Every structure is written in C-alpha cells, then in structure tokens.
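Asks: the following block contains a protein sequence and its predicted model.
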Amino acid sequence: MSTDPTPTRFGSGRAVRRLEDDALLAGTGRYTDDVAPPGQTHLVFVRSPYPHARIGAIDTSAAAAMPGVLAVITGADLHAAGVQPMPGAGGFKRADGGPAATPPRRALAHERTRFVGEAVALVVAETLTQARDAAEAVMVDYEDLPMVVDLKAATAEGAPLLCDEATGNIAAEMRHGNATATEAAFAKATHVVRLDITNQRLVALTIEPRSVLAEHDSASDRLTIRMSTQMPSGVRDSVCGAIGLAKEKVRVVVGDVGGGFGMKTGAYPEDIAVAYAALKVKRPVKWVAERSEEFVSSAHGRDIEANAELALDADGRILGLRIHTLANVGAYATGTGVAIQLLIGPWVQTSVYDIQTIDFHFKAVLTNTAPTGAYRGAGRPEAIHTMERLMDEAA
C-alpha cells in the first residue's frame, strides 16, 4: 500500500489561502468595539498612581451620585462578594523546595496596590464620558510604601518585599544541567568569555487595545464575553474560577483581533472585573483600554539580566556554558511570566551549537512594576541573543 505524500491542505511549498483579507480590506472587519448591544453601558477603571501603597478608605459617594452612574465597585466589594484571586505560578518552586511565592492578584487591588496602573476601583455608567467623569470623582486614600522597581534594588539585602513569602523577592527559580561538571569544563578551558547582558523591558503595542464586552442573558443564565484575546478558553476558565461560575455558563467570543503579539494571552484582572460588573448591573458592559492604560497595565515583556560564560578549548570547541539570570516578572508572578524565563527560554538556550555541558540558574524576581508575560517569541529571543553575543565574543 502506498500513500500520496502530497499535502492536501498545508505543507511546504503550498500556498495557504487567507480567509480574513477581503473583509478587512473592505473595512467590514468586526472588532469588539464594533459591537454595541441594546442597553450597552461603559466601564472605566480607577488606577493607582503609586508603585506600592496601602489602600485606605475609598470614598465612592460623590461618584455614585453623578449622572448616569450605575455602579461603583472597589476591591473590597469584590473581596466581600467572594471573588477569588487569579492563579499564580503553579508548578514552579523556590530554592527551599516550597511553592512559587507571589502576592494574591485580584480583579481589583484590595488593601495594597503594587504597581503604577493597577486597577483599584471601577465605574459603570450609561456613557463613556459619564464613566470617565465619575472615575475622577472616586477618592482613594493611599499610604505610600517603600518600593523596588529594578533587579538590583529588589534583590539587595533588606529590600522591601512584595509579599512575606517571597524572601529576597524571589518568586521562583530553576536550575538546569550539572554545575560540578560545568565547573570542571571551565577549569580545563583554554579560552573563557564572560558577558553581562541586559534585555530591556518593553511594552507590546497593538493597534486594537484590550477590549471586553460582557453581557448576561437572564433567560439562559449565561454570560457572553466578547473580547480581543489570543486565548478564549483560558479567559473563560479564569473568569469562572474567580467569580465561581460553571464553565458551561460562560462563553467567550473572539472576532477580528487587531494584534496580540503574546500580550493578549490568557486572562487579565480587568476581564474578570468587567464580567463581574455585567452580572452586577444586569446590562451589557463594555471596556476599551486607553492607550495610556495599555502602557502601564498590559503584560510587559522581557526585562532580564544575564551573567553568561562560555568555555572553549584551544580549537574553539565549546566545553561548557554557564548562565545565571535574574528575570523581573513584575509585581505578580504569573504562570506565563515565570515559565517564559525559567523554562521556555532554556529550551533553546544552546541554539544550534553542540554544547554538552551546561549550568543554568534562572530566578524570577518580584518588583513594583507591571507583570511580565508573553511577547514575540516568549523567552526564546532573549536566550538566542545571549548565545549569539557569547559566540561573537568568543570569535
């Protein structure tokens, strides 16, 4: 029996017909903000101007009394309603063998806020202008707390901690390879090159900002969330887990997406907050992020510092590779942010080279900055950049 090896749909040398071009070129694409169900309301977040602060009293009375305002919700309200924090970096561990440590990340910050731009309250109103005006009327009493925003400060002796469980502000760490064998390889090397390499923090910029429209149908008791995301099932699971809804009661719909680049992977606190607000006011609730919101509160990328060393013999053959890295994962250690730097990057760290002996030690560090997540290659560009810099230096 023989099989025709010619691919019938996808494969090398075959064109893949694009399905979306005609609609986009004709201007008939359908993004989240293009959908406006009857009775739609608008949501605006109140965000922290402090990198680290204790949240005192939040006075919502003036905002709640303003025209068109349907609800003003705080982190304390969500906590009292039983809305749960989002999962942290499950499956990863600290050096002592304990689980990864991170502060509880909530849909709205409760008691403490840990980075500039973290949402502490929200306003739902009939119009976007009314919601914006009311958000400005929410008065939050902050108590400024010591903060750390870079790796050196965060890992210094006596640095203020993001949470008590994360001693030294280390959320999690991983080692790969054999440190003893690598030390022996370096001891017999003819040539050794060493570099300190920084991959700077960056912010993904999508033409379409994060957008969420949540609508509860009382007849079916089902919540529909239309949004711009790369992972609808992951968002559904996170919303259900936080609010306590059965998965069959929540549907996430994704139309056209105006860019993602990894930044729209998984759920954000805002997604949960919008869903809760729709259940609260019993009307469709829409939130479309402002560009300034995206810069401070969407997932950032990279932000790592690596100490990299390469050992070679007299003929230039690689004997060993040693890399110790600190990764700034921001104020909350997410599963994605930690996995990218501790696991996914190391998968390709040696690149195309024949390297038999390695010593990798990667640490995820908490700071008072926006959490990091996936961005364009998710850890692999940083790994390859480090490797190629070492090869250039060795040459």
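Replies: Yes, it's here. Numbers count the residues shown, from 1 in each chain.
Asks: please count neighbours and contacts with C-alpha atoms only from this point.
Replies: OK.
Asks: relative to residue 287, how far out is residue 38?
Replies: Applying C-alpha to C-alpha, to the nearest Å, the value for residue 38 to residue 287 is 16 Å.
Asks: tell me which element residue 303 falls in.
Replies: Per DSSP states H and E, residue 303 falls inside strand 300-312.
Asks: tell me which other helices or strands that strand touches.
Replies: Helices and strands touching strand 300-312, by 3 or more C-alpha pairs under 8 Å, 6 or more residues apart in numbering; DSSP states H and E, are helix 179-187, strand 191-203, strand 318-330, helix 380-394.
Asks: and with 6 Å instead?
Replies: Using 3 or more C-alpha pairs under 6 Å, 6 or more residues apart in numbering; DSSP states H and E, the elements in contact with strand 300-312 are strand 191-203, strand 318-330.
Asks: so residue 192 touches residue 314, yeah?
Replies: No: using C-alpha atoms under 6 Å, residue 192 is not in contact with residue 314, being 10.6 Å away.
Asks: going along the chain, name the strands of the stretch 51-200 of the chain.
Replies: 53-59, 69-74, 112-113, 119-125, 139-144, 170-177, 191-203 (DSSP state E, counting those that start in this stretch).
Asks: so which of those comes closest to residue 243?
Replies: Closest of the strands of the stretch 51-200 of the chain to residue 243 is strand 69-74, at 14.6 Å (criterion: C-alpha to C-alpha).
Asks: follow-up on the earlier one: of residue 192 and residue 314, which one has the most company?
Replies: Remark: of residue 192 and residue 314, residue 192 carries more neighbours, 20 against 9, as counted by other C-alpha atoms under 10 Å.
Asks: spit out the contact partners of the closest residue to that one other than its chain neighbours.
Replies: Excluding the flanking residues, the one nearest residue 192 by C-alpha to C-alpha, 6 or more residues apart in numbering is residue 311, at 4.6 Å. Residues near residue 311 by C-alpha atoms under 6 Å, 6 or more residues apart in numbering: 186, 189, 191-192, 318-320.
Asks: make CSV from those and add pLDDT and distance to residue 148 to it.
Replies: Shown next, in CSV, are these (pLDDT from 0 to 100; distance: C-alpha to C-alpha, whole Å):
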residue, pLDDT, distance to residue 148
186, 98, 35
189, 97, 39
191, 97, 38
192, 97, 34
318, 97, 38
319, 98, 38
320, 97, 34
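Asks: most widely separated two among those residues?
Replies: That would be 191 and 320, which, of the contacts of residue 311, are the farthest apart (C-alpha to C-alpha) at 10.9 Å.
Asks: for the closest residue to residue 318 other than its chain neighbours, what are its contacts?
Replies: Closest residue to residue 318 apart from its sequence neighbours, by C-alpha to C-alpha, 6+ apart: residue 312 at 4.4 Å. Applying C-alpha under 6 Å, 6+ apart, we find residue 312 in contact with 189, 191, 318-319.
Asks: could you single out the nearest of those to residue 207?
Replies: Out of the contacts of residue 312, the member with the shortest distance to residue 207 (by C-alpha to C-alpha) is residue 318, at 43.8 Å.
Asks: residue 395 versus that closest one, what's the distance?
Replies: Counting by C-alpha to C-alpha - residue 318 and residue 395 are separated by 12 Å.
Asks: which of the two has more neighbours?
Replies: Neighbour comparison, residue 318 and residue 395: the larger count goes to residue 318, with 22 against 8 (by other C-alpha under 10 Å).
Asks: state the distance from the more buried one to residue 352.
Replies: 12 Å.
Asks: hey, where'd the helices end up in this protein?
Replies: 21-25, 61-64, 75-80, 128-137, 151-154, 179-187, 232-243, 269-281, 291-297, 335-339, 345-347, 380-394 (DSSP state H).
Asks: which of the residues in the longest one are buried?
Replies: The reference is to helix 380-394. Judged by neighbour count using 16 or more other C-alpha atoms under 10 Å, the buried positions of helix 380-394 are 380-387, 390, 394.
Asks: can I get that helix as CSV, trimmed to CA atoms?
Replies: The C-alpha coordinates for helix 380-394 follow below in CSV (Å, rounded to 0.1, in the frame of the first residue of the first chain):
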residue,chain,number,x,y,z
ARG,A,380,13.5,32.4,23.1
PRO,A,381,14.7,35.7,21.5
GLU,A,382,16.4,36.6,24.8
ALA,A,383,18.0,33.1,25.0
ILE,A,384,19.3,33.2,21.4
HIS,A,385,20.5,36.8,21.8
THR,A,386,22.6,35.8,24.8
MET,A,387,24.1,32.8,23.0
GLU,A,388,25.0,34.7,19.9
ARG,A,389,26.6,37.5,21.9
LEU,A,390,28.8,34.9,23.5
MET,A,391,29.7,33.4,20.2
ASP,A,392,30.6,36.8,18.8
GLU,A,393,32.8,37.5,21.8
ALA,A,394,34.5,34.1,21.5
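Asks: got a list of contacts for it?
Replies: So helix 380-394 is in contact with 345, 349, going by C-alpha under 6 Å, 6+ apart.
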